[in-house]
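Undergrad: Quick one: sequence plus predicted model below, questions after.
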Amino acid sequence: MPPGMLLLDFIRYHQHLTGTKIGCNEGDCGACTVLIGSLQEGRLRYRSFTSCLTPLGNAHGKHVVTIEGINGEGLNPIQQAMYDESATQCGFCTPGFVMSLAGFCLGQQPPTVQNAITAVDGNICRCTGYKSIERAAARVARLLQQRDGEPPAVFAAEQQLLPAYFAGIQERLLALQLSMNGEFEPADDVTAHYMGGGTDVYVQKPEEMKQKAIRFLFDQSLLNGIVEEDGRCVLGPAVTVTDLQESPVMRSYFPRLDKYIRLVSSTPIRNMATIGGNFINASPIGDFTIFFLALDAMLVFNSGRELPLRQLYKGYKQLNRAPGEYLTKIWFRLPTAQSRFNFEKVSKRTNLDIASVNTAIHLQLAGNVITAALLAAGGVAPVPMLLQKTAAYITGKPVTEKLVHETIAMAQTEITPISDARGAAEYKRLLLGQLVKAHFITLFPQLQVAAVLNNYA
Amino acid sequence: MKNVDARTHLRGESVYLDDMPLLNGTLFGAAFGSPVAHGHINSLDLTDAAQMPGVVRIFTSKDITGENQIGGIIPDEPLFAEQETHFCGMPVAFVVATSTEAARAAVKKIKLDISPLPVITDPREAQAQGQLIIPPRSFRLGDTNAAWNQCTHIVTGTADTNGQEHLYIETQGAYVIPQENNALRIYSSTQGPTAVQRAVSKALGLPMHMLEVEVTRLGGGFGGKEDQANTWAALCALAAHHLKKPVKYALHRMEDMAMTGKRHPYSSDFKIGLDAEGRILAYEVTFYQNAGAAADLSPAVLERTLFHCTNSYFIPNVMATAYSCRTHLPPNTAFRGFGGPQGMFVIEAAIAKAAGVMGVPAAVIQQKNLHHTGDEFPYGQRAQSEAHACWERADDLYDAPAIRRSINAFNKTNQLYKKGMAFMPVCFGISFTKTLMNQARALVHVYTDGSVSVTTGAVEMGQGVNTKILQVAAQVFSIPPEQVRIQPTSTWRIANTSPSAASATTDLNGKATLMACTAIAERLKEVAAAGLQVNAADITLRDGYVYVQGDRTNWDWKKLLMEAYTKRVSLSEHAHYATPEIHFDAAKEKGHPFAYHVYGTAIVEVTVDCLRGTYVIDAVKVVHDFGASMNPAIDIGQIEGGIVQGIGWMTMEEVIYDADGRLRSNALSTYKVPDIYAVPKDIEIAFLETQQDNLAIFRSKAVGEPPLMYGIGAWFALRNAIYAFNPHASIPFTAPMTPEKVLMALYSKTMTGTPSPHEQTVTHLAVDK
């Protein structure tokens, strides 16, 4: 099998396991959701993936679980919860929902109703209106209330939520990993396509990827991990959005991280998409590109070259990167007590949608005076951009309602939005201004809301 | 009773078209759709494509053995473009190869030399140029011209609704297997097996009895597979017929979105007149329906717009005119509500605007004008009304005055967020408006082991029709549901079916099943009467036993069947049901087209983030007229699903074509339907159970389409929330109300002068001008 082949095609057309459905081929509907179990520092961890965007290479040496793999006699308790709540109508999306809920049962997060619903936030249902699914998710959360520090897979097997074989998977994966020793480090090949999670490249050119030589970066241990070092945060570029969200370092320095991340894609995509991939993909509206631009992140390539993220983009999808270069490290200075950071995003649908405009701000303060500023914005130019003139203008000035309006006026001179399916240019201009107001209102509760809202101050 | 398919759905064992095990030698198709919406084809070069690995043959109009025509109502839709293309995505060629990948790769190598011709995307422009699918139609009641001078308030305006992508999660497709003597077995993901049979028959020139169309279930339909499954079935059938090999085509999502029609966008003009007390005296409305490039079901959709143009209101003087306008978009088609929602949006807009002029809440005018039993619809039928009952119960049960007070209090104290509410009453007629389609058949076999097999023309697509039909059979025979099986729909078992549409499928096929089962039961009672030497009238079948005058005998269900079989009494029945009482005279535009109406009232509450322009739907609280629900679990599911789909249409779902007729919202990344976070935080549904008889199966009223229109309330609730922030906001009546429109409205200034009504139409149809 070519390593670039889609896991979904392998499951359906080679293994003839047809419970995993094809809905959209771009990770937006979740009908193809599977679970992927792997060992992380010796511990078994399952995460949900959309198999339509997963190359076989990213599933290599792991436990791939499809709906067929969680069926027992009759209905398992997860399926029974859906049954009792009449949470299936046409049934086409149903296996995806069941798998996402199974992923919730195998995950580490506390078994709250909200977390159960988050687990299915990447699944689209066109029939039910979701209320019955919400009720089913609440029942599933209750199934886990007795879990008390036990490994989730063991608990799920013991309680017969899932088949008994789950209890032995950790051992089997360990044995498999030993027998496959060395296979995870393919040779360097400058003509190869370097790939992280594949969540964008498989939307853009799935056929092409199937044939390509691919160098898989997703599982390389050297490219993973998030650590704090001397006031800096150092990330492996293969860190996923979920890794970022779960990182104690990130959580402590960015108290509103959960709120930001809820606006970014869906659970399975967050499990797959890497931060490095987000940068290299060069989308003008990459959510984490905007986030890290405002942190003035620094990139390190395998060649040893260091480059500030803000210098990566030369034009629309044009990168300052040599052939064969790939990211090995990302670092940024952690916020201090004098820092203020905020991220905002608006899209047609609040969740799992591409931004109309996104923006992040990072200010250093001395009292009420801005001593340094970074303001990043996406969806307003061919590249994700730092609004440098605006940042320079506000540096040295005290935070006032008037300054908010001046910031917006200055930002308008730097941006060049276009009209497209995500909004008219005029809307994006207005929206960026509104999100700048949102930054200030969020970060400076002392500001008079009425005066900030007023457009004609 | 739960959906009979629930267990296999939940285990991933339900078989959809793309899940069927393939026969050896199966080939795979991919259509080449026109890249130009309107153009003259100079030449089509298939040379490179034909040489691609795996390609078996490429079909074009030249290969058609019958007629190059798949139009249903009007024969105006070629299967393949010949000289001209009429919409982007119109099939020009069909590649058949040994794998789907090979077929798709070859499609990319097809070269089309085409000279573009002028493209129309706007229905008003099409109407101005005389591009109409059918002559305009008008419904009239009273005399609007005479009524205007009695009006204290006269308000005019325009209202536009955009299309809606069906987004059934299972894409369209077909799998065709050649049989002996040129017969074909056609597996199709269709709501209309007979429509597929007719289309293939015409295109291939084969009689219908050679074509078996079989459907087990669909992964969603919503109207999108009523007429538009024909193309893929015809393409595969043509290839299978020529190649004598099985041919399958399951569309890629982007092919499906680009090549198929959607809910019809409408642009409309209204004029409404009220007296000083807010009674509506006159209403004139003109609808411009964007039909797309071919008729498809547009004339029928147009008709239903006229039927529902006054929603739940009695208006004594009505003049409603509708134009079905031919444009260069893919032919638009049925979508849950079928033109009704488009008509209702306009009357609600008219009322909202009038309320603004009069300085009263829209609800005051809405409630005052709800129709009563005996009031006449513009098409002549008299209402058997539950409009007041639903409204008043909703008002009382959910304490609407308290909701209004709490919203006002919230809005007084919050600057960044504003709340809004709206009432949305709904009245929806049940029956196909084309009277002849209101017929159905059922074939019931009782086997000697006690099991029962039922086949009807109904197609299961998640709406639960099979479950309800199973309930009918189990109830008549009084046996456990496990003993009844609903078989896949097949044109060889049940002929001349109407599509599963118009919310009427359960009524029609359920009644036919009731008739068939009752006929068998009556024969069985005769057998029992003879055997037990009692009167047949004294016999009942209950809980698997024969009862005589209420006493259980030792004849159980199996013994009864063996007796009947031994006595050579038929255990099978084929019954035909035709809805009584309905008629319509299209020349006068008057009649009694509907078996009954379904009523309901929703109260919708929203919160707008006035900083960002985003919003949440807080609650949808409904009182719905069920008659007497035969399956509350399924019916609640239909209502919740319908509400969310309606809210999607009114809020985030934005179909965007550019001025060249190319679909820009062509994938799930650019066309957003509600996800689990986007749905109302709270949906409450109360049953209005009514006692009077109706023509529904077991008096359980149809529930498929009506709830979609509750979603319209979300648009008006958002409008009210925007006004709470900016009383001078300019909010054109254009749906959907995307966050973009909300933000632009929140910070708009009142427009001066009269904006060109035309402008509004163009902005949502063509972004990248």
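TA: Here it is on my side, so go on.

Undergrad: ok, for residue 215, nearest residue in space, not its chain neighbours?
TA: Answering for chain A, as no chain was given. Distance criterion Cβ to Cβ, 6 or more residues apart in numbering or on different chains; nearest residue to A:Arg215, sequence neighbours excluded, is A:Ala192 at 4.2 Å. Using the backbone N, CA and C atoms, a C-beta is placed for each residue, glycine as well.

Undergrad: you looked at the wrong chain, it should be chain B
TA: Looking at B:Val215 with Cβ to Cβ, 6+ apart, the closest residue is B:Thr489, at 4.6 Å.

Undergrad: can you give me phi and psi for that neighbour?
TA: For B:Thr489, the backbone dihedrals (degrees, to the nearest 10) come out as phi -80, psi 130.

Undergrad: does the residue in the stretch 301-450 of chain A that chain B sits nearest to count as helix, strand or coil?
TA: Going by Cβ to the nearest Cβ, chain B is nearest to A:Arg349 of the stretch 301-450 of chain A, at 4.0 Å. Three-state assignment for A:Arg349 (DSSP: H, G, I helix; E, B strand; the rest coil): coil.

Undergrad: for the chain, what's the longest helix?
TA: Looking at chain A here, since you left the chain open. Criterion DSSP state H: the longest helix present in chain A is helix A:425-443.

Undergrad: Correction: the question concerned chain B.
TA: Chain B, longest helix under DSSP H: helix B:505-532.

Undergrad: what about it, distance to the chain center?
TA: The chain centroid and the centroid of helix B:505-532 are separated by 32 Å under Cα atoms, centre = their mean, to the nearest Å.

Undergrad: Which residues are in contact with the closest residue to chain A within the stretch 301-450 of chain B?
TA: Here the stretch 301-450 of chain B gets closest to chain A at one residue, B:Gln415, 4.9 Å apart by Cβ to the nearest Cβ. Shown here is B:Gln415, whose contacts under the criterion Cβ atoms under 8 Å, 6 or more residues apart in numbering or on different chains are A:Val449, A:Ala450, A:Leu453, B:Cys610.

Undergrad: What is the burial count for the third one?
TA: As a burial measure, A:Leu453 scores 20 neighbours (other Cβ atoms under 10 Å in any protein chain shown).

Undergrad: How much space separates A:Glu73 from A:Thr20?
TA: 21 Å (Cβ to Cβ, to the nearest Å).

Undergrad: of those two, who's got more company?
TA: Neighbour totals were compared for A:Glu73 and A:Thr20, and A:Thr20 leads with 25 against 7 (other Cβ under 10 Å).

Undergrad: On the three-state scheme, that one is what?
TA: coil.

Undergrad: what residue lies at the spatial centre of chain A?
TA: Residue closest to the average C-alpha location in chain A (Cα atoms, centre = their mean): A:Arg270, at 3.0 Å.

Undergrad: Now for that residue, which secondary structure element holds it?
TA: Assessed by DSSP states H and E, A:Arg270 sits inside helix A:267-272.

Undergrad: Briefly note if that helix comes near chain B.
TA: No. Using Cβ under 8 Å from any Cβ of the partner chain, we find that helix A:267-272 stays clear of chain B, coming within 10.8 Å at best.

Undergrad: Would you mind listing the outside residues contacting that helix?
TA: Residues contacting helix A:267-272 (Cβ under 8 Å, 6+ apart): A:27, A:30, A:33, A:47-50, A:53-54, A:58, A:100, A:103, A:118-122, A:197-199, A:240-242, A:245, A:261, A:264, A:352.

Undergrad: Could you identify the buried members of these?
TA: Buried members of those, counted by 16 or more other Cβ atoms under 10 Å in any protein chain shown: A:27, A:30, A:33, A:47-50, A:53-54, A:58, A:100, A:103, A:118-122, A:197-199, A:240-242, A:245, A:261, A:264, A:352.
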